[in-house]
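*Asks:* Give me a model of this one.
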Amino acid sequence: MDAQSLYPMNICYRYFDLEGFFASCARLGLHSAELWLCPQHVLVNGQFSEGPERLLRLMDAYGVRLACLCGEQNNPKPNNIAARGELLTGNTRSYFEKVIDLAQATSCPKVLVTPGWNYYDEPVDHARKRSVTMLRGLADYAAERGVDLVLESIWTKSSEVGPDIASLALIKELVNRDNLLVTIDFGAMSAAGETVDDWFEAFGDDVAHCHFVDGTPTGHMPWGHGELDMLESLRAFERHGYRGGFSLEYVHPMSFRDPESYIRETRELYEDCLDQLAHGKNSRPEKEER
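*Replies:* Residues are numbered from 1 along each chain as shown. Okay, the predicted model is just below:
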């Protein structure tokens, strides 16, 4: 782990132009990013996809590579992995195929997926079955293009299809594709009362990505503004030989006005933690008041 394992994510730059996000990454000295595909930044939907040219130009101009693409897929977005009905299912499949194509065109190795969300007027198993079918097809499509899918859990306030390790492990087993890996999302993990160690014990080397956020214990907050322990979390990743990155999916509105300052603050906390790990220290970094 080093500073380049931190991946800024444009989700907290939603009120800035996409080039402003890339420029911010360069100023922060962070050269990998996770790109959230909001239409204001990159327009992709089930019928149309912006080409890769603008992204490739920005990547080259600012020296930033894309480590993961994250499509819009939470309820009530139309791109539901567990969609019900021919029209919505076809739209979802088309959308994610376009995202995977964009990943291939930009040499981005991963596309983040969720299990999708269920309707309350059906058994959860029915939605989970649809999720498995969709993920199996998308994994095959992605494998042909050299792309991995990284599946994250979603807390029960949004979906009951895959809110915890047990349900996600079942989905992964049923999909049964080598390029379907997993993402630890600190928000969903904390909501389920799980730990980083629990995830590695369940999935081992298939843990390939992380949405690395603070919370109380949830909330997708910038680090240092919740109650989670960055140092102990990083110590757990180090124990398990994690080789992926730490994506800063800051969704809390506190970060929207001045996202760069919060990511700079996170980098300082992160580097402090790495220094403590290198020197075998146990103390938690002090929080700074803003």
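
*Asks:* And for Y250, the neighbour number?
*Replies:* Y250 has 28 neighbours, counted by other Cβ atoms under 10 Å. Every residue, glycine included, has its C-beta placed from N, CA and C.

*Asks:* Surely it and Y13 touch.
*Replies:* No. Shown here, Y250 and Y13 do not form a contact pair, counting by Cβ atoms under 8 Å, at 9.4 Å.

*Asks:* Find residues that contact each of these two.
*Replies:* Common neighbours of Y250 and Y13 (criterion: Cβ atoms under 8 Å, 6 or more residues apart in numbering): P259.

*Asks:* in the sheet, who's paired with the residue most central in space within the chain?
*Replies:* Centroid check for the chain by Cα atoms, centre = their mean gives H211 as the closest residue, at 4.8 Å. Counting by DSSP bridges, H211 forms beta bridges with D185, S247.

*Asks:* if I look at it, how far off is D185?
*Replies:* Separation of H211 from D185 (Cβ to Cβ, to the nearest Å) stands at 4 Å.

*Asks:* Also A26?
*Replies:* 27 Å.

*Asks:* higher neighbour count, those two?
*Replies:* For A26 versus D185, the count of surrounding residues by other Cβ under 10 Å is larger for D185: 26 against 14.

*Asks:* I figured the more buried one hits S158, correct?
*Replies:* No. Shown here, D185 and S158 do not form a contact pair, counting by Cβ under 8 Å, at 11.2 Å.

*Asks:* Kindly provide the distance from E34 to R65.
*Replies:* 11 Å.

*Asks:* out of those two, which sits in the busier spot?
*Replies:* E34 (24 against 13).

*Asks:* residues contacting G51?
*Replies:* With Cβ under 8 Å, 6+ apart, G51 has these contacts: A105.

*Asks:* and W155, helix, strand or coil?
*Replies:* coil (DSSP: H, G, I helix; E, B strand; the rest coil).

*Asks:* do the same with P8
*Replies:* Following three-state DSSP, P8 is assigned to strand.

*Asks:* So what sits opposite it in the bridge?
*Replies:* L248.

*Asks:* where along the stretch 51-200 of the chain do the helices fall?
*Replies:* 53-62, 86-105, 124-143, 165-175, 186-191, 196-203 (DSSP state H, counting those that start in this stretch).

*Asks:* just checking, what packs against the fourth one?
*Replies:* Judged by 3 or more Cβ pairs under 8 Å, 6 or more residues apart in numbering; DSSP states H and E, helix 165-175 is in contact with helix 124-143, strand 148-152, strand 180-185, helix 196-203.

*Asks:* ok, and what's touching that helix?
*Replies:* Under Cβ under 8 Å, 6+ apart, the answer for helix 165-175 is 115, 128, 131-132, 135-136, 139, 151, 153, 161-162, 180, 182, 192, 194, 198-199, 202-203, 206.

*Asks:* try it again with 6 Å
*Replies:* Under the criterion Cβ atoms under 6 Å, 6 or more residues apart in numbering, residues P115, V132, L135, R136, S153, G162, E194, A202 lie in contact with helix 165-175.

*Asks:* Narrow these to those that are buried.
*Replies:* In the contacts of helix 165-175, burial by neighbour count holds for P115, V132, L135, S153, G162, E194, A202, counting by 16 or more other Cβ atoms under 10 Å.

*Asks:* mind checking how far the fourth one is from L231?
*Replies:* Spelled out, that is S153. In terms of Cβ to Cβ, S153 sits 24 Å off from L231.

*Asks:* Same question for the third one.
*Replies:* In this structure, L135 and L231 are 34 Å apart, going by Cβ to Cβ.

*Asks:* Now do the contacts for T218.
*Replies:* Residues near T218 by Cβ under 6 Å, 6+ apart: G187, S190, A191.
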